[in-house]
Structure formats: C-alpha cells, structure tokens
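Q: Pasted the sequence and its predicted model underneath.
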There are 2 protein chains.
Amino acid sequence: MKISELSRRSGVSIPTIKYYLRDGLLPQGQATAANQAEYGEEHLRRLRLIRTLVGVRRLSVSAVKEILGAITEEGDLHQIFGIVTDARPATKLKKQAKEEETAEGDTPGVADARRLITEMGWEVSPGTAAIQTLGDVLDALADVDAGIGWQSLLPYARLTDRMSELDVKQMNGASGLLELAERAVLVSVLLEPALLALRRLAQEDKSARLFSGTPE
Amino acid sequence: MKISELSRRSGVSIPTIKYYLRDGLLPQGQATAANQAEYGEEHLRRLRLIRTLVGVRRLSVSAVKEILGAITEEGDLHQIFGIVTDARPATKLKKQAKEEETAEGDTPGVADARRLITEMGWEVSPGTAAIQTLGDVLDALADVDAGIGWQSLLPYARLTDRMSELDVKQMNGASGLLELAERAVLVSVLLEPALLALRRLAQEDKSARLFSGTPE
C-alpha cells in the first residue's frame, strides 16, 4: 500500500509516519519510484504498535525507539523480554538516591532483592533496572517499619512467575521473529496497567466481602 | 513526644509537619500548652507513611490527602481497599477520550471489562476507576489486532485474585482500625511498583531460558 493508505489505516498522519521512518522507528518501505514506496501489513502493524505505546502507555518516542530498536529481522530473541524490560522506563523511585547508592554499592533493599531473585532461581542480568526498583520498595517498606521484607514478597513473586508463563503463552501463533518480538512488547508493556487494574478490582472485592459492616 | 522529636524521628521538617497538620493530613496532637502539643507513635507512623507515599510513589499531597482522608478513627473499614483504590490515581490512559466516552456510554473495552468482572464474580462499585483503566487497555489491544481479548485476561485475573488474598493476609496483626487502614494503603499502593518489577524479572528469566540462542 502507499503511504496515504498506511496513514488512513493506521490513524497516524503522513508527516508523523515520515518522522518515524527518518528516525528509524519504522522500517523503510519498498522503493517503487524516486519518491514513492510500498508498505506492507508489517508496517501497518508496527505503526499501530508505536501509536499504542506512545498514545496509551505515554512512552516517549525515544523510549519506544529504544524498545523497538532491539527488534530487527536479523536479531535473535535472546532475552527479548530482557531488552524490553531494560529499555522500558522503570518506575522512577528516588532517582537521585538511586544513582548515589549504586555508586557506593547495594542498599539493604537491593541486596534483599538479589536474595529474592536467588531464592526464586531466576536467571536475570545483575544490572537489570527492575532489581533497583524492587530494592527501592523494600527500602521504603523497611523505612516505615511495615514488617514486610523480601521473604514476605516470595508468595507474590511466585504468582508473577506464573504470570510470566502466561505472558510467554501469548506469544504462541506469532509468525516470524518480528511479530514475536512485537507481541512480546505488547504483552509486557501494554498489560502492565491492566494487571494493576485487575489487582485493584480484586482488592476492592476482598475488602467489600471482608470488611462490610465491620463494627466500629 | 514534642514536634521537634517527631520531626527528627520521621525525617520530615517541622514546617512540613505543620503544613500536614493544617491540611488535615496528620491528626492534631494532644494540646499541652497554648502553642505546644504532644505527639504519639501513631503520628510518627502516619508521617512515615505520608513521606513514603509522597517520596517513593510520587503521589501528590492532594492524592495522599484523599487516600488518608478516608482513614479516621470513626470510620469503619467498609471497602477500605475500595476507598484506597478509587482515590489512588489510576493510570491516566487516554484521559480526554475517557471523559468523552464515559458521557456517551461504555466503550467496547469497558463493556468487556465488566464482563470479566462478572465472570470473576468480583463485587465492585460500577464507577471504580480501575474498570475504565482495564477497558482502555482492552480497547488498545483490539486496536492493534493483538488477538488478546477479555477472555485471555481471565488467567491473569485469577492470579491477581490470589494476590489480593495475600494482600489481605498482610493486614493481620495490625492493632486497631487506624493501623489496619494504613497497612492497607501500604500494601495496595506501595507494592504496585514491586509487583511490576517482579513480573519484569520473571519475564526476563523466561526469555533467557526459552530464547537464548534461538537460531535466526
């Protein structure tokens, strides 16, 4: 299809499509004339994905570029989720403190996060941003004397472990590495607010059942 | 303890404590003289909680106020998680579109979110923000032809259901309604980034095991 049809079907304006092409977010189409190119279904699919990541998850274009930059026809899928995970903006908790503490060594929370990862038997890169995020929460929990330590998070970790098995299942039926990688991005990034929303709904349900009419 | 000790032990400056007192975020202490008051461990605990919500989860003071405003000695716990859930800033997906569509009626995604809630047998208020959030994600998934509908989210919903049972367990051992409610806030709000981080780590693990060395 020509760029006009690509624009119409994807809902992305032609100038924006050209920006994505220039920026490498979208692969070039097949040149059919000096200033004309043919685009295929894979371009449409990629455009919709970009539009969703930018529009729905509010990721910056550079963040999307980082994520999609890892997906190429030549790339293998080694740590595809790892690439998406690291490129995806981690929750920015105590960013300044994080940078200071990383230079000096693990905070107690980060050290505990590593213990949890070891206990779960998870194979992850030691520099993964998510380890710092988890450590920040553990530090915060200790700070408020919550009585919730890394061991208390183990049951949650086991549930997220089963979730990640579901995530992998979602990738079945993808045809080709590119679609597989795009699906991985969808499942990992787009589902995050859905999972938090589901948990909130489940919490509201438990609260209504357990605490309704609690005597004061 | 006097306000100076409260400040020292909580790590919150005296002017900020006074601001929280004026704003009703922190309950008044026991007046011991014209311009003096005594504060107890519950004030310390509340202050640390506020500081964590503002500092770690980056919630605005008004958002924290909304959440904590629901927690009073006189209040019962009816839907304590529900109160926290609704007051907690839901992920702002397509805010403008959301306001338009709500006025016209449910989007297909929101209608599907309600189907999922019915299927799970969850007892939730129909206006809960999380329903809209879930609906937005479902609309986005349909938009990119992901092939992931509300039925595909059911296994995830069951896992979050078990998570919410863990959340309720965390509240055991709290002494008094106030501590119970504060713990509910901690568990629901503070753990969110931890759960996303855990899922990312689990995904990275699965990816490393499954795709390492995938032939190109």
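A: Perfect, thanks for sending it. Numbering: from 1, shown residues only, chains lettered A, B, ... in the order given.
Q: Can you pull the domain assignment for chain A?
A: A:1-90+A:170-216, A:91-169 (automatic domain parsing).
Q: and A:H43, how many neighbours?
A: Neighbour count of A:H43, defined by other C-beta atoms under 10 Å in any protein chain shown: 24. The C-beta positions use only the backbone N, C-alpha and C, and glycine is treated the same way.
Q: For chain A, give me the ranges with low pLDDT.
A: Across chain A, the ranges flagged by pLDDT under 70 are A:56-58, A:69-104, A:177-178, A:211-216.
Q: just the helices in it please.
A: Ranges of helices within chain A are A:3-10, A:14-23, A:41-55, A:61-69, A:80-87, A:95-104, A:108-120, A:129-143, A:150-170, A:177-185, A:191-211, based on DSSP state H.
Q: Report the contact partners of A:M120.
A: Remark: with contacts taken as C-beta atoms under 8 Å, 6 or more residues apart in numbering or on different chains, A:M120 is in contact with A:154, A:157-158, A:161, B:201-202, B:205.
Q: residue nearest the centroid of chain A?
A: With distances taken as C-alpha atoms, centre = their mean, chain A has A:V189 as the residue nearest its mean C-alpha position (3.2 Å).
Q: A:L53 is in contact with that one, correct?
A: Yes: taking contacts as C-beta atoms under 8 Å, A:V189 lies within contact range of A:L53: 6.4 Å.
Q: Overlap of the contact sets of those two?
A: When C-beta under 8 Å, 6+ apart defines a contact, the residues bordering A:V189 and A:L53 alike are A:59, A:67.
Q: Now A:L25. Its backbone dihedrals?
A: Its backbone dihedrals place A:L25 at phi -70, psi -30, with angles given as degrees, to the nearest 10.
Q: Show the contacting residues for the closest residue in space to it that isn't next to it in sequence.
A: Distance criterion C-beta to C-beta, 6 or more residues apart in numbering or on different chains; nearest residue to A:L25, sequence neighbours excluded, is A:K65 at 5.4 Å. By C-beta under 8 Å, 6+ apart, the contact list for A:K65 reads A:23-25.
Q: For B:Y20, see how far away A:K65 is.
A: If you measure A:K65 against B:Y20 using C-beta to C-beta, to the nearest Å, the figure is 42 Å.
Q: And for A:A146?
A: A:A146 is 20 Å from B:Y20, where distance means C-beta to C-beta.
Q: now A:D112
A: To B:Y20, A:D112 is 30 Å away according to C-beta to C-beta.
Q: need the contacts of A:M120 in a markdown table with neighbour count and distance to A:V61, can you?
A: A markdown table is the format used below for the contacts of A:M120 (neighbours: other C-beta atoms under 10 Å in any protein chain shown; distance: C-beta to C-beta, whole Å):
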| residue | neighbour count | distance to A:V61 |
| --- | --- | --- |
| A:L154 | 14 | 38 |
| A:A157 | 22 | 33 |
| A:R158 | 16 | 36 |
| A:D161 | 20 | 33 |
| B:L201 | 29 | 27 |
| B:A202 | 27 | 28 |
| B:D205 | 21 | 29 |
